[in-house]
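*Asks:* requesting a structural model of the entry that follows:
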Amino acid sequence: MAELPLKTDKDGILKPFAFRLWNEPMVIYRDGNNVPVCVTDVCPHRSAPLSMGTVEGGELKCFYHGWSFGEKGECTDIPTQRAVTNENPKANAKVRQRVSDCQRRHAVVEHEGLVWVWKGELLSADPSLLPSKRQGDMETQPIDTVLDYNVDYSYIIENNLDSPHLFYLHDGSVPPIESIGMMAKNLPDLRLRAFKDDCGFGHMGR
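*Replies:* Numbering: from 1, shown residues only. As a prediction, the model looks like this:
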């Protein structure tokens, strides 16, 4: 995503950003220091989607019982604890710590205008391995993607190497290809240039 969207409801209250990564529901919000925080989109209390809550003062508040989560996804408030007479601050803090330990947190960092989330172990995340934008007349962002096709690998390699067929077999029939001008009528004006970025060698059409 180019930047972390800031959505508000009809009353102007900030909303968190929900998405899925490898079929796991996740939610991102900004804490009080404007730093992105990413946790599994499930409240440890009653499994309600945290993304249905609101962000108030840098804390993500669950819509179900008002439990709040702040920096690094740690539980900061359980309203019903404050409603009990003879409140025990130490005991309450211990309960909040237990809740925090149950919350699945994910490493997240902003890098060159993008928000990156690491699905693996929190401490194994290495921001130095993130790719950088290719600078020049057309900035591009390298993306490493895995696609699973139900055919032999040789067909995929041949198809990817055979870019000229886009102008004839798919001419105007695939909206994304048409949107970047990969149509037969534009073939005389096409220019390809090789380049190398963090992902390796490639070619750029213009």
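
*Asks:* only C-alpha atoms for contact and neighbour calcs from this point on.
*Replies:* Noted.

*Asks:* how about the helices in the chain?
*Replies:* Per DSSP state H, the chain carries helices over the ranges 79-83, 89-102, 153-161, 175-179.

*Asks:* check which residues of the longest one are buried.
*Replies:* Neighbour-count burial for helix 89-102, with 16 or more other CA atoms under 10 Å as criterion, is recorded at Ala93, Arg96, Val99, Ser100.

*Asks:* listing request: residues of this structure with sub-threshold pLDDT.
*Replies:* The model of the chain has pLDDT under 70 over residues 1-14, 84-87, 136-138, 142, 176, 198-199, 203-206.

*Asks:* any idea how it splits into domains?
*Replies:* Annotated domains of the chain cover 7-124, 133-205 [automatic domain parsing].

*Asks:* measure the residue lying closest to Thr40 once chain neighbours are set aside to Val42 for me?
*Replies:* Among residues not flanking Thr40 along the chain, Met26 sits closest, at 4.4 Å (CA to CA, 6 or more residues apart in numbering). Remark: distance between Met26 and Val42 (CA to CA, to the nearest Å) = 8 Å.

*Asks:* looking at the two, which is more packed in?
*Replies:* Neighbours were counted for Met26 and for Val42 using other CA atoms under 10 Å; Met26 has more, 22 against 18.

*Asks:* what bridges to that one?
*Replies:* Per DSSP bridges, the residues bridged to Met26 are Phe19, Thr40.

*Asks:* ok, it touching Cys43?
*Replies:* No. The criterion here is CA atoms under 8 Å, and Met26 misses it with Cys43 at 11.0 Å.

*Asks:* give the contact list for the nearest residue to Asn33 once chain neighbours are set aside.
*Replies:* Counting by CA to CA, 6+ apart, Gly58 is the residue found nearest to Asn33 once chain neighbours are left out, at 7.4 Å. Neighbouring residues of Gly58 by CA atoms under 8 Å, 6 or more residues apart in numbering: Tyr29, Arg30, Asp31, Gly32, Asn33, Asn34, Gly70, Glu71.
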